[in-house]
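Participant: What would the 3D arrangement of this be:
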Amino acid sequence: MPSRIRLITALLVVPLCALSFSPRGHTAETADAAVKTQLQIYFFDAARAGHMPMLQEFIAARYDLDTRDSKGYTALILAAYHGHATAVEMLLAAGADACAEDARGNTALMGAIFKGELGIAHTLVNTDCAPDQRNAAGQTPAMYAALFGRVELLDALTRKGADLNATDAAGNSATSLLRGEMALAKPQ
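Facilitator: Okay, here's the model as predicted:
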C-alpha cells in the first residue's frame, strides 16, 4: 500500500510543482511531461533496486514495461544487471520484452552474463530471444559467456542453437574467446 501512495503522490504532486515553478505560458502538456519523467525515474529506480511492491504497482497500472531511459535501458535490463532475480521473473511474467536492446545493442541476458548473475542469465536464456542476438559490436551472448568463462551458460546457449563460431566486428568468436585467443580489432 505505501508504494501505491507514492505513485499517487507522484501523479498529484509533480504537476503541482511544475505549475508553481514554471514560467508564464505553462501548458498541461508541460505538466504531463513532468509527471511522465518522474514516473520513469521511479520505475527505473524500482527496477535497479529490485523494489517489488513498486514494480507491482507499475504492472498493475499497466505501465509500459518496455519504456527506455536515455541509455536505452529497460526495467528488465536494469533488474537483470543489478541481480534482482525475482524482479526479472515478475517483469517477464508481466510481458516485458526479454529481447530489448539498450542503445549499444546489449540485452538483459548480456548484462546478466557480464555481471555474473548466472541464475538470471539462465532464466533469460529460456526466453524466446534468438540465441545469436548481436549488440552493436557484433557480439552475442555466447561470446560474453565465453569471455567471462561462464561455461554452464555457454552450454545452455549451445543447446538453444547459438553459433559458437560466429564472429564479432573484431573477429572474435565464442570458441576463440573461450580458448583465450582474442583477435585484435583491425584498423580501418
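
Participant: rest of the way, CA atoms for contacts and neighbours
Facilitator: Fine.

Participant: Quick one: residues contacting the nearest residue to residue 131 once chain neighbours are set aside.
Facilitator: Spatial nearest neighbour of residue 131, excluding adjacent residues (C-alpha to C-alpha, 6 or more residues apart in numbering): residue 162 at 4.9 Å. Residues counted as contacts of residue 162 (C-alpha atoms under 8 Å, 6 or more residues apart in numbering) are 131, 132, 142.

Participant: Name the member of those residues with the most neighbours.
Facilitator: For the contacts of residue 162, neighbours were counted using other C-alpha atoms under 10 Å, and residue 142 has the most, 33 neighbours in all.

Participant: Would you map the helices across the protein?
Facilitator: For the chain, the helices defined by DSSP state H cover 2-21, 28-49, 52-60, 75-81, 85-93, 108-115, 118-125, 141-147, 151-160, 174-178.

Participant: what separates stretch 76-88 from the chain centre, distance-wise?
Facilitator: 8 Å (C-alpha atoms, centre = their mean, to the nearest Å).

Participant: can you give me the mean pLDDT across that stretch?
Facilitator: Mean pLDDT, computed over stretch 76-88, is 98.

Participant: Just the buried positions in it, please.
Facilitator: 76, 77, 78, 79, 80, 81, 82, 83, 84, 85, 87, 88 (16 or more other C-alpha atoms under 10 Å).

Participant: Go ahead and flag the most central residue of this structure.
Facilitator: Centroid-nearest residue in the chain, with C-alpha atoms, centre = their mean: residue 77, separated by 1.3 Å.

Participant: Please list all residues in contact with that one.
Facilitator: If you count contacts by C-alpha under 8 Å, 6+ apart, then residue 77 has 107, 108, 109, 111 around it.

Participant: go again using 7 Å as the cut-off
Facilitator: Residues in contact with residue 77 (C-alpha atoms under 7 Å, 6 or more residues apart in numbering) are 107, 108.

Participant: and if you look at residue 147?
Facilitator: Under the criterion of C-alpha under 7 Å, 6+ apart, the neighbours of residue 147 are 177, 178.

Participant: Residue 170 versus that one, what's the distance?
Facilitator: To residue 170, residue 147 is 14 Å away according to C-alpha to C-alpha, to the nearest Å.

Participant: How about residue 179?
Facilitator: Using C-alpha to C-alpha, we find residue 179 at a distance of 16 Å from residue 170.

Participant: Of these two, which one has the most company?
Facilitator: residue 170 (15 against 12).

Participant: For residue 66, which of the helices of the chain is the nearest?
Facilitator: Distance to residue 66, taken as C-alpha to C-alpha, is lowest for helix 75-81 among these, at 7.1 Å.

Participant: Please point out which parts of stretch 58-75 sit buried.
Facilitator: 58, 59, 65, 66, 68, 72, 73, 74, 75.

Participant: Thanks a lot, see you next time.
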